[in-house]
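Quick one: sequence and predicted model below, then my questions.
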Amino acid sequence: QTYLMESGGGLVESGGSLRLSCTMRGLTFDAWRISWFRQAPGKEREAVSFVTNVDHSTSYADSVKGRFTAFRDSARNTVFLEMKDLKPEDTAVYYCATLSRYNGDYFYPGPNDYWGPGTQVTVSA
């Protein structure tokens, strides 16, 4: 069963915008922190952002601060990633995932967390 599903990816020119969606089904949405990761060809997976479930606070990678905004809508069981001023280096498959682990410094996905299948974002120069 697919508990998380991303949508909204596509091809956009440099400087353009996209809004990604991550919809949760079959789980209690308000019980989970939700994160966004991305992976470009030949590169390691990178954490992009997350939104907490209690106070909806957010965190961003330095590479996307000021350009990406993550927010959640409990009425639609969906987390969004608003991406502006996109750059070719933002090209990657974007995944959403639940975040259940905390090591005292940061949250991270553990073996019991859920991942979506991903959505491709391509930014042309």
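Cool, the structure landed. From a predicted model like this one, the values you see are computed outputs, not experimental measurements. Numbering: from 1, shown residues only.

Just list whatever residues bridge to residue 95.
When bridges are called by DSSP bridges, residue 95 pairs up with residue 37.

For it, give me its contacts.
Contact partners of residue 95, counting by Cβ atoms under 8 Å, 6 or more residues apart in numbering, are 6, 36-39, 45, 115-118. Any C-beta I mention is one placed from the backbone N, CA and C, and that applies to glycine too.

if you set the cut-off to 10 Å instead, what comes out?
For residue 95, the residues meeting the contact criterion (Cβ atoms under 10 Å, 6 or more residues apart in numbering) are 4, 6, 20, 22, 35-39, 45, 48, 109, 115-119.

cool, residue 91 as well?
11-12, 38, 40-41, 120-125.

likewise residue 86?
Neighbouring residues of residue 86 by Cβ under 10 Å, 6+ apart: 12-18, 64, 67-68, 121-124.

what's the answer for residue 5, then?
By Cβ under 10 Å, 6+ apart, residue 5 lies in contact with 21-25, 78, 96, 116-119.

partners of the helix or strand that it is a member of, with directions?
Assigned by DSSP states H and E, residue 5 falls within strand 4-7. Here strand 4-7 is paired, per DSSP bridges, with strand 18-24 (antiparallel).

Format the CA atom coordinates belonging to the partner strand as CSV.
What follows is strand 18-24, C-alpha atoms only, in CSV (Å, rounded to 0.1, in the frame of the first residue of the first chain):
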residue,chain,number,x,y,z
LEU,A,18,6.7,24.7,-9.1
ARG,A,19,4.5,23.5,-6.2
LEU,A,20,5.0,19.9,-5.1
SER,A,21,2.3,18.0,-3.2
CYS,A,22,2.6,15.0,-0.8
THR,A,23,-0.7,13.4,0.1
MET,A,24,-0.9,10.9,2.9
